[in-house]
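Novice: Here you go, sequence then predicted model.
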Amino acid sequence: NAGVMQNPRHLVRRRGQEARLRCSPMKGHSHVYWYRQLPEEGLKFMVYLQKENIIDESGMPKERFSAEFPKEGPSILRIQQVVRGDSAAYFCASSSRVPDTQYFGPGTRLTVL
Amino acid sequence: SQKIEQNSEALNIQEGKTATLTCNYTNYSPAYLQWYRQDPGRGPVFLLLIRENEKEKRKERLKVTFDTTLKQSLFHITASQPADSATYLCALDVGIFYNQGGKLIFGQGTELSVKP
């Protein structure tokens, strides 16, 4: 039973470029969450999505960040016009129902040069 | 706003001893609390979930307690091993207070080091 998968594992972008992070939830899970972990800081909630719907985006920065979870395919976290402050580890988690245990992926480490 | 605090200092113990980690929260009463383990460069791994009506929960060498009066959870690892060295995170779902849930807030984590 494959766990949560994220790709790429490492992503390097120059300032002003776009970053796309992908997340495939565990089989049978329809709830996806994105978290960000800045260097030397704790995990911070960004957004919660259920197939085709954004349920809670209270942790998303107002500009440049967006997320989607289409009917088919992985969830995508998109960061436009990246800045150095976006450098962090981005983790995706999934669950089969809510509220319930969330299972995390290995993360994508974004470095902005 | 909701706040979770964990031992900010690293915990160093000798192999075979019991490690006890603390998680304190303020401002609300969660329905459940979760503990995760995180190794450097890896994603958090779920360990245990304890509900508000459960005082204690065990899984192999792990034990979690949940005191809703003190607003505190304790996480114990008995007969600790060097392989238990990691950062341990506690998390609460605050989303259930305004929608169906899902928004976890995490403590800063406590770094545990078990020496042989």
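Specialist: Thanks, I have it. All values reported here derive from a predicted model rather than from experimental measurement.
Novice: give me every residue that touches the residue nearest to A:Cys23 when sequence neighbours are not counted.
Specialist: The shortest distance from A:Cys23 to any residue that is not its chain neighbour, by CB to CB, 6 or more residues apart in numbering or on different chains, is 3.4 Å, and that residue is A:Cys92. C-betas here are computed from N, CA, C, even on glycine. By CB atoms under 8 Å, 6 or more residues apart in numbering or on different chains, the contact set of A:Cys92 is A:4, A:6, A:21, A:23, A:25, A:32-35, A:75, A:77, A:104-105, A:107.
Novice: where does A:Cys92 fall, phi/psi-wise?
Specialist: Reported as degrees, to the nearest 10, the phi and psi values for A:Cys92 are phi -110, psi 150.
Novice: what's across from it in the sheet?
Specialist: With DSSP bridges applied, the residues forming beta bridges to A:Cys92 are A:Trp34.
Novice: Show me which residues of chain B sit near chain A.
Specialist: The interface of chain B toward chain A, taken as CB under 8 Å from any CB of the partner chain, is made up of B:31-32, B:34, B:36, B:41-46, B:49, B:89, B:91, B:93, B:95-96, B:99-109.
Novice: Local confidence estimate at the residue nearest to A:Gln80 when sequence neighbours are not counted?
Specialist: Here the nearest residue to A:Gln80 in space, its sequence neighbours aside, is A:Arg64; by CB to CB, 6+ apart that works out to 4.7 Å. The per-residue pLDDT reported for A:Arg64 equals 97.
Novice: Give the full set of residues in contact with A:Arg64.
Specialist: The neighbourhood of A:Arg64, defined by CB under 8 Å, 6+ apart, consists of A:79-82.
Novice: Could you do B:Pro44 as well?
Specialist: Under the criterion of CB under 8 Å, 6+ apart, the neighbours of B:Pro44 are A:43, A:91, A:104, B:36-38, B:89.
Novice: Need phi/psi at the residue nearest to A:Gln80.
Specialist: Summarising the backbone geometry of A:Arg64 under the convention degrees, to the nearest 10, its torsions are phi 80, psi -20.
Novice: would you say B:Ala83 is within a strand?
Specialist: No - B:Ala83: not assigned to a strand; according to DSSP: H, G, I helix; E, B strand; the rest coil it is helix.
Novice: measure it to chain A for me?
Specialist: B:Ala83 sits 19 Å away from chain A, taking CB to the nearest CB, to the nearest Å as the criterion.
Novice: so the closest residue to that residue other than its chain neighbours bridges to which residues?
Specialist: Setting aside the residues directly before and after it, B:Ala83 is nearest to B:Val114 in space (CB to CB, 6+ apart), at 7.8 Å. Under the criterion DSSP bridges, B:Val114 forms beta bridges with B:Ile13.
Novice: and the helix or strand containing A:Ala67, what does it pack onto?
Specialist: Mapping A:Ala67 onto the secondary structure by DSSP states H and E places it in strand A:65-68. Counting by 3 or more CB pairs under 8 Å, 6 or more residues apart in numbering or on different chains; DSSP states H and E, the packing neighbours recorded for strand A:65-68 are strand A:43-50, strand A:75-79.
Novice: in its sheet, what does it sit against?
Specialist: Each strand that strand A:65-68 pairs with, and the sense of that pairing, follows from DSSP bridges: strand A:75-79 (antiparallel).
Novice: Now tell me what touches the strand it pairs with from outside.
Specialist: A:18-25, A:32, A:34, A:46-47, A:49, A:64-69, A:86, A:90, A:92, A:110.
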